[in-house]
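Q: sharing a model prediction with you, sequence too.
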Amino acid sequence: MDDRFYKERSDLAAVLRWAAREGLQEAAGNHCSLSVSNSGDKFLINPDGRYFSTLKGSDLILVDLNDHTGTDQANISAWLLHGQILQKVEKARCVLHLHPKYATVLAALVDSTIYPIDQVSMRFYGRVAFDSEFSGMIVDQTEADRLCDKLTDKQILIMGNHGVTVVAPTVALAFDELYHLERACETLVTAYMTGQPLKVVSEEVANRTSQDWQDFSYSADLHFSELRKVLDKEEPDYSN
């Protein structure tokens, strides 16, 4: 493994392994990235066509957009989108793009709003961007740019008819957001399935609870530390 990026590789590999445990990946697709340069033009990303559960830190591809190093190994959709976000979106050092079951169900509805019906869903109140212009897979710069623009003032994007993208300044926060986003979507979709009216809290309560989540953002580091402990014990090869 490249010792210069040992920690970054280990952190991103931990996310991939845990995402597999949570059933958040889709077959051998989906991509997660982590910048290793201040400008975001150099980043690590998982190789296409590999199960998250098998990946090690040393398997991650180092992409350098300045000389196209690694771009021939990475999925074109992945490096186009991730490269744009990591260079253009403020606070985006880690980008997680997946098609989790419940978040994708919500993305397939005309109304993809995450209504504040429980403490977890309130975390995302007023913090989510939505894209409703799906036109196919990301195979050109125009589509990547359009999606990147949606994240100008948000760090979570519900991609209509597609999936979700989460960005954050740290790996721990990005994964914590993704984990709780899927939980919030699961609760909402399950509530819809009952056929009963949603019990939506007031804007005041939703805003206050969302802010409380932001004030307790250190819990993301605790979450990531704990899952790393489990991986260190049960799947120690992830950091190799």
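A: Now that the structure is in, tell me what you want to look at. Residues are numbered from 1 along each chain as shown.
Q: can you pull the contacts of the spatially closest residue to Asn75 that is not a sequence neighbour?
A: Spatial nearest neighbour of Asn75, excluding adjacent residues (C-beta to C-beta, 6 or more residues apart in numbering): Asp48 at 4.0 Å. Where C-beta positions appear, they are placed from N, C-alpha and C, glycine not excepted. By C-beta atoms under 8 Å, 6 or more residues apart in numbering, the contact list for Asp48 reads Ala28, Gly29, His31, Gln73, Ala74, Asn75, Ala78.
Q: what's the pLDDT at the second one?
A: Per-residue confidence (pLDDT) for Gly29: 87.
Q: ok, back up a step: tell me the phi and psi of the residue nearest to Asn75?
A: The phi and psi values for Asp48, taken as degrees, to the nearest 10, are phi -70, psi 150.
Q: in the protein, which residue is closest to the centre?
A: Geometric centre of the chain, nearest residue: Leu96, 2.7 Å, by C-alpha atoms, centre = their mean.
Q: a helix runs through that residue, doesn't it?
A: No - under DSSP: H, G, I helix; E, B strand; the rest coil, Leu96 falls outside any helix and is assigned strand.
Q: make 437 the starting number, not 1.
A: Yes, from this point I'll number from 437; that puts the last item at Leu532.
Q: check Gly573 and give its pLDDT.
A: For residue 573 the amino acid is Met, not Gly. Reading off the confidence values, Met573 has pLDDT 81.
Q: pull the number of nearby residues for it.
A: 11 (other C-beta atoms under 10 Å).
Q: about what we covered before: check the spacing between the residue nearest to Asn511 and Leu491 real quick.
A: 11 Å (C-beta to C-beta, to the nearest Å).
Q: residue farthest from the centroid of the protein?
A: Relative to the C-alpha centroid of the chain, counting by C-alpha atoms, centre = their mean, Gln632 is the outermost residue, at 30.6 Å.
Q: tell me which element it falls in.
A: Using DSSP states H and E, no element contains Gln632; it sits outside every helix and strand.
Q: re earlier: report pLDDT for the residue nearest to Asn511.
A: pLDDT for Asp484: 89.
Q: again with the one 4 residues further on
A: At Phe488, the pLDDT value in this model is 97.
Q: check contacts around it.
A: Applying C-beta under 8 Å, 6+ apart, the residues contacting Phe488 are Leu452, Arg453, Ala455, Ala456, Gln461, Asn466, Asn482.
Q: I am finished for the moment; much appreciated.
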